[in-house]
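Chemist: sharing a model prediction with you, sequence too.
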Amino acid sequence: MELNNLIASSEMVDVYKVGNMCVKLFKEGVAKTNALYEALTHSRVEATGLRVPVIHEVSVIGNRWAIHMDLIEGETLADRMKADPANLDKYMEQMLDIQLEIHSKSTPKLSKLKDKLNRLINDLDCIDDVKRYELLTRLDSMPKHTKLCHGNFTPDNIILSKKGTYVVDWIAARQGNASADVGKTYLLLKLKYPEMADKYLDLFCEKTKTSKKYVQDWLPIMAAARLAENIPEERDFLMKWVDVVAYE
Ligand SMILES: Nc1ncnc2c1ncn2[C@@H]1O[C@H](COP(=O)(O)OP(=O)(O)OP(=O)(O)O)[C@@H](O)[C@H]1O
Ligand SMILES: [Mg+2]
């Protein structure tokens, strides 16, 4: 297989175009559970009818795990936003509508977001036990929902193609509370596209008649869970959000 057309690269994967397929190749040393879990989660999402690339094969290439799926030709919504900033509001609305469509689906076999958050916060070693107790108590008091949540929903994971708009990168998808998912997106936007974050949150609250406080209550929990990814440049930012207990 000719792996010479690299589309994207991250800490964990290299993504290649191979003919009319996209091959997501996990870096050497990445546990195979990542590839297999992503493939399983992604296939569960395929069954909801959402527009996602279809997975055709999971394989080992050299000593690296690979997921082979439909290639979605086009540009990411993030690229579009950068190229056409005058229409940012329109693109943000489009992004939110896609996320709300995702939240309208249910996938009963998918793992629960709450279980994941609980585990991550329990295992976190950069917070003390008082903070841990506070976060876990807060998490426990949050309403238990079963909506499909993407878990990493940002404009980089949305591809605009001639065939329509597709969402990729489903490794973090779980069933849970939509406001938790929106809180996660808000934090990711604050980190990468800070000018969009507050507008995005306002738009979500307005469209869904959700109180802002309800989403904000999730932020310390989602920030703590993200700390588990151990990304040094995010640490101070996330620690600040972990400590925000009440809002004006
Ligand atoms: N099926 C696909 N067809 C075309 N491009 C794709 C496809 N899947 C992923 N990509 C491109 O590769 C990029 C990285 O893929 P993906 O988001 O799945 O990996 P990742 O490891 O989660 O990367 P990151 O950490 O940067 O989010 C996407 O943002 C998208 O531009
Ligand atoms: Mg991604």
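Modeler: Looks like it arrived, so ask away. Ligands and ions are numbered 1, 2, ... in the order given.
Chemist: spatially nearest residue to the spatially most central residue of the chain (excluding sequence neighbours)?
Modeler: Residue closest to the mean C-alpha point of the chain, counted by C-alpha atoms, centre = their mean, is residue 152 at 0.9 Å. Distances taken as C-beta to C-beta, 6 or more residues apart in numbering place residue 172 nearest to residue 152, at 4.8 Å, with adjacent residues excluded. Every residue, glycine included, has its C-beta placed from N, CA and C.
Chemist: ok, now which ones touch that neighbour?
Modeler: 150, 151, 152 (C-beta atoms under 8 Å, 6 or more residues apart in numbering).
Chemist: okay, the last one and residue 132: tell me how far apart.
Modeler: In other words, residue 152. Distance of residue 152 to residue 132, given as C-beta to C-beta, to the nearest Å: 24 Å.
Chemist: can you name the residue of the chain nearest ligand 2?
Modeler: residue 169 (3.6 Å; C-beta to the ion).
Chemist: what's around that residue, how many residues?
Modeler: Counted by other C-beta atoms under 10 Å, the residues lying close to residue 169 total 21.
Chemist: quick one: it from ligand 1, how far?
Modeler: 3 Å (C-beta to the nearest ligand atom, to the nearest Å).
Chemist: also residue 111?
Modeler: 18 Å.
Chemist: specify the beta-bridge partners of the residue nearest to that residue when sequence neighbours are not counted.
Modeler: Leaving aside its chain neighbours, residue 111 sits nearest to residue 174 (5.5 Å; criterion: C-beta to C-beta, 6+ apart). Beta-bridge pairing for residue 174 (DSSP bridges): residue 149.
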